[in-house]
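# predicted model, plus sequence, below.
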Amino acid sequence: MRVVIAEDLALLRDGLIRILEAFGCQVVAAVDNGPSVLPALIAHRPDVAVLDVRLPPTFTDEGMQAAIRARAEIPGLPVLVLSQHVEQLYARELLSDRAGGVGYLLKDRVSHVDQFVDAVRRVAGGGTVMDPEVVAQLLASRSGAGPLDELTAREREVLGLMAEGRSNAAVAARLFVTEKAVNKHINNIFSKLRMPPSGDDNRRVLAVLAYLHGEDGRRPRTPA
Amino acid sequence: MDGVRGLLRTWIRPGAVTAAQGLLIALLSLTTHVALFVLSLVSLLLIPVFGVGFALFPVATALVRYCAGLHRRLARWGGVEMATPYLPAPAGAQFGTWRRFRWVVSDPATWRDLSWLLPGAVTGAVCLAAFALPLYGLEGLLGLPLVLHLTVGFGYGPFWPIDNLAEALLCFPLGALFLAGGLAAGRWLVWLHLAFARFFLPPTRTAELALRVRQLTVTRADTVDAQAAELRRIERDLHDGAQARIVALSMSIGLAEQLVGDDPEAVRRLLAEARETSGQALAELRGLVRGIHPPVLAERGLAGAVRALALAVPLPVAVTVDLPGRPAAPVESAAYFAVAEGLANVSKHSGASRAWVELGHADGRLTIVVGDDGRGGADPAGSGLAGMGRRLAAFDGTMVVTSPAGGPTVITMELPCELSSPRISPSSGTG
């Protein structure tokens, strides 16, 4: 798998390269500033880009802007954005083109090396991976109104894990239940959220997130 | 119909207001000024009589100040702003004390008030014309002279007495003339009185500066206190939190180093523990950083940061932003924390179903409105709102809270500031 990395701190950049190469990825380019991100992506067309939100020269959200521009230039280019903090605002922006293949993780998560590499692979495969903290914020801030209230505690748990981008098997393992039970929960969730089930896992996660973001129009809320 | 309403709006109502102002000013001036002047003079003359003058003069001054205060308030009604010029009372300056006397005597505003009393009485008395002339005009317009001429014999305007019916009928045009002239002159008379008062009653440039210094001293002390408390909090959080965790982390790693050959299972456990601890330390640092300067504010400026705040509130928040540029960083930060506090109040106390935040900039002032449709009854003296007010005061900002029982609650904040040119990096238009 070919990867492009954008990270300004040498220590972290080297760490990322080391981890990814240890797990059989090929780091084709590693840049340390905002303006060189897009040219590197266009030149190398990697399978996935791993970008830090904050990059020189402005040290604001150059990485986030680069990710959004890159996906406009190269539709569907998988990008995994890393940040010292997570904001719903940024998650919403990353998901706004609804093409899948996006991830948004706290930098801390890199220390769970196997989970981090798994996230990189899932994003490269077109999946959507959101940091558990984003999911927690979304579930917390959306409570009190709408069909989400109809979910049982267990179903909310399943929904959260799905939004983090986990497969049914991973959800089952995490909750110590069978995959069949997970399937049942998911079907319940979709019927309660009035979403017809589809065969595509990533699409479903995207749909859930879009729903959680309150992006109406795709699926108008029915009056209670 | 429109013509009548237009007449009412442009001519009659302001005329009536001026007439009432003139009457109030005249009554105040005629009844009190001379008496107060005499009282002050007598109390000054009584100073050689041991004790009496010292006790009496501050009393007279207090009355004079009250009277001058009424004139200042009347002036505000007439659109002329005058600040209160007096020096603050020192501690322990009760009536009858030497301290009180010294305070009163050493304030130049005392003597400016005194020197204004008599001339103010003259211009104030003249203001009676602003009321009397239109009233006289009304008398003529209503035909009273005509009626009185026919019954008892009477005079009006230049005709004393009215000799024939033609002269009596002239009272109608004469009345209109008096009314129009009185209303027109009234504005000038009141203006003249206020302009004259403005010469004596507001603070002098020096007093103004002294007042400003006093205000700045207070807000600076508040700011310094708040900063010191904030630093103490940060120090404590670092010391008890992240720092302690990192020590534990290095202990786990050190122990793992020792055990690496003998007990790989224990090493694995220790490393897992170390990773866990490092995660907690990071989470604590993140919380701390957010409290000092939220990263999203650094990355997206006030508009983006307020949008991010709104997303984290568990009720729908409509955000409207009209900022052609970015305020200076400290102002931006103060504004951000004010909005954060406001929204935290909304979600904690208001019971609202929706809220709104408006950011705008006009005439060198940043305006922030945080509103909700909740139950109202917010207490501006409560610790949260008072803290917001103090934070804004450090930047000469103001805060107005309206929160009638039953709602809605609207907090309007204003911060004087200039905007820098808009940032170049575009934001992606979502949210």
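Ah, there it is.

# per-residue pLDDT, B:A185?
You'll see B:A185 listed with a pLDDT of 82.

# buried sites along the strand or helix carrying it?
Here B:A185, judged by DSSP states H and E, is contained in helix B:171-200. Neighbour-count burial for helix B:171-200, with 16 or more other CB atoms under 10 Å in any protein chain shown as criterion, is recorded at B:171, B:174-175, B:178-179, B:182-183, B:185-187, B:189-191, B:193-194, B:196-197, B:200. Bear in mind the C-beta positions are built from the backbone N, C-alpha and C, glycine included.

# relative to A:L51, how far out is A:G165?
17 Å (CB to CB, to the nearest Å).

# residues in chain A within reach of chain B, list them.
A:53-54, A:58-62, A:64-65, A:68, A:84-85, A:87-89, A:92-93, A:96, A:107-108, A:111-112, A:137, A:140-145 (CB under 8 Å from any CB of the partner chain).

# which stretches of the stretch 251-400 of chain B form helices?
B:264-292, B:295-311, B:329-345, B:383-393 (DSSP state H, counting those that start in this stretch).

# hang on, the earlier thing: may I see the PyMOL selection of the buried members of the residues of chain A next to chain B?
Of these, the buried ones go into a single PyMOL selection, burial set by 16+ other CB under 10 Å:
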select buried, chain A and resi 53+54+58+60+61+62+64+65+68+85+87+88+89+92+93+96+107+108+111+137+141+142
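
# contact partners of stretch B:77-95?
B:21, B:55, B:58-59, B:62, B:65, B:69, B:72, B:75-76, B:99-100, B:103, B:106-107, B:109, B:112, B:190-191, B:194-195, B:197-198, B:201-204, B:207-208, B:210-211, B:214 (CB atoms under 8 Å, 6 or more residues apart in numbering or on different chains).

# before we move on, what about stretch B:181-192?
Applying CB under 8 Å, 6+ apart, the set of residues contacting stretch B:181-192 is B:11, B:14-15, B:18-19, B:21-22, B:25, B:78, B:123, B:126-127, B:129-137.

# buried subset of these, written for ChimeraX?
In ChimeraX syntax, the buried subset of those is picked out as below (16+ other CB under 10 Å):
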select /B:15,18,19,21,22,25,78,123,126,127,129,130,131,132,133,134,136,137
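
# re earlier: ranking the helices of the stretch 251-400 of chain B by mean pLDDT, which is last?
Lowest mean pLDDT of the helices of the stretch 251-400 of chain B: helix B:383-393, a mean of 85.

# which elements pack onto that helix?
Applying 3 or more CB pairs under 8 Å, 6 or more residues apart in numbering or on different chains; DSSP states H and E, we find helix B:383-393 packed against helix B:205-237, helix B:329-345, strand B:398-402, strand B:409-416.

# go through those and name the closest to chain A.
Among the helices and strands packed on helix B:383-393, the nearest to chain A by CB to the nearest CB is helix B:329-345 (11.3 Å).

# doesn't A:V81 belong to a strand?
Yes - under DSSP: H, G, I helix; E, B strand; the rest coil, A:V81 falls within a strand.

# any idea what it is bridged to?
A:L51, A:Y104 (DSSP bridges).

# I figured it hits A:G63, correct?
Yes - here A:V81 reaches A:G63: they are 6.4 Å apart, a contact under CB atoms under 8 Å.

# what's the overlap in contacts for these two?
A:51-53.

# picking that back up, put together CSV for the helices of the stretch 251-400 of chain B, with mean neighbour count and distance to A:L38 on each row.
CSV is the format used below for the helices of the stretch 251-400 of chain B (neighbours: other CB atoms under 10 Å in any protein chain shown; distance: least, CB to CB, whole Å):
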stretch, mean neighbour count, distance to A:L38
helix B:264-292, 15, 28
helix B:295-311, 22, 18
helix B:329-345, 20, 28
helix B:383-393, 18, 40
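
# tabulate these (CSV), appending distance to A:G125.
Shown next, in CSV, are the helices of the stretch 251-400 of chain B (distance: least, CB to CB, whole Å):
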stretch, distance to A:G125
helix B:264-292, 26
helix B:295-311, 28
helix B:329-345, 39
helix B:383-393, 48
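
# got the contact list for B:Y136?
Counting by CB under 8 Å, 6+ apart, B:Y136 has contacts B:175, B:178, B:182.

# surely the second one is in contact with B:G137?
If I follow you right, that is B:F178. Yes - contact criterion CB under 8 Å: B:F178 and B:G137 qualify, at 3.4 Å.

# overlap in contacts, these two.
Counting by CB under 8 Å, 6+ apart, nothing touches both B:F178 and B:G137.

# what about chain A, any weak spots by pLDDT?
Filtered on pLDDT under 70, chain A yields the residue ranges A:141-148, A:195-224.

# residue boundaries of the strands in it?
Ranges of strands in chain A, per DSSP state E, are A:2-6, A:26-31, A:48-52, A:79-83, A:102-106, A:128-130.

# possible to save these as JSON lines with mean neighbour count?
Listed next are these as JSON lines, based on neighbours: other CB atoms under 10 Å in any protein chain shown:
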{"stretch": "strand A:2-6", "mean neighbour count": "24"}
{"stretch": "strand A:26-31", "mean neighbour count": "17"}
{"stretch": "strand A:48-52", "mean neighbour count": "26"}
{"stretch": "strand A:79-83", "mean neighbour count": "25"}
{"stretch": "strand A:102-106", "mean neighbour count": "26"}
{"stretch": "strand A:128-130", "mean neighbour count": "28"}
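
# could I get the ones you listed as a markdown table with distance to B:I47?
Output for these, formatted as a markdown table (distance: least, CB to CB, whole Å):
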| stretch | distance to B:I47 |
| --- | --- |
| strand A:2-6 | 83 |
| strand A:26-31 | 85 |
| strand A:48-52 | 79 |
| strand A:79-83 | 75 |
| strand A:102-106 | 77 |
| strand A:128-130 | 82 |
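
# so for B:R286, which of these sits nearest?
strand A:102-106 (8.2 Å; CB to CB).

# output the closest one as PDB, nothing but the C-alphas.
Presented in PDB, the C-alpha positions along strand A:102-106 are these (Å, rounded to 0.1, in the frame of the first residue of the first chain):
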ATOM      1  CA  VAL A 102     -12.000   9.500   5.100                       C
ATOM      2  CA  GLY A 103     -10.700   9.100   8.600                       C
ATOM      3  CA  TYR A 104     -10.300  11.600  11.400                       C
ATOM      4  CA  LEU A 105      -8.300  10.500  14.500                       C
ATOM      5  CA  LEU A 106      -6.700  11.900  17.500                       C
END
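
# might you report the residue contacts of the residue nearest to A:V110 when sequence neighbours are not counted?
Spatial nearest neighbour of A:V110, chain neighbours left out: A:F116 (4.8 Å); criterion: CB to CB, 6 or more residues apart in numbering or on different chains. By CB under 8 Å, 6+ apart, A:F116 lies in contact with A:19, A:105, A:109-110.

# what's the burial count for B:F57?
22 (other CB atoms under 10 Å in any protein chain shown).

# can you list the buried residues in the helix or strand where it lies?
Per DSSP H and E: B:F57 is located in helix B:52-77. Under the neighbour-count criterion of 16+ other CB under 10 Å, helix B:52-77 has B:53-54, B:56-61, B:64-65, B:67-68, B:71-72, B:74-75 buried.

# for stretch B:228-246, same thing?
B:237, B:241-242, B:245.
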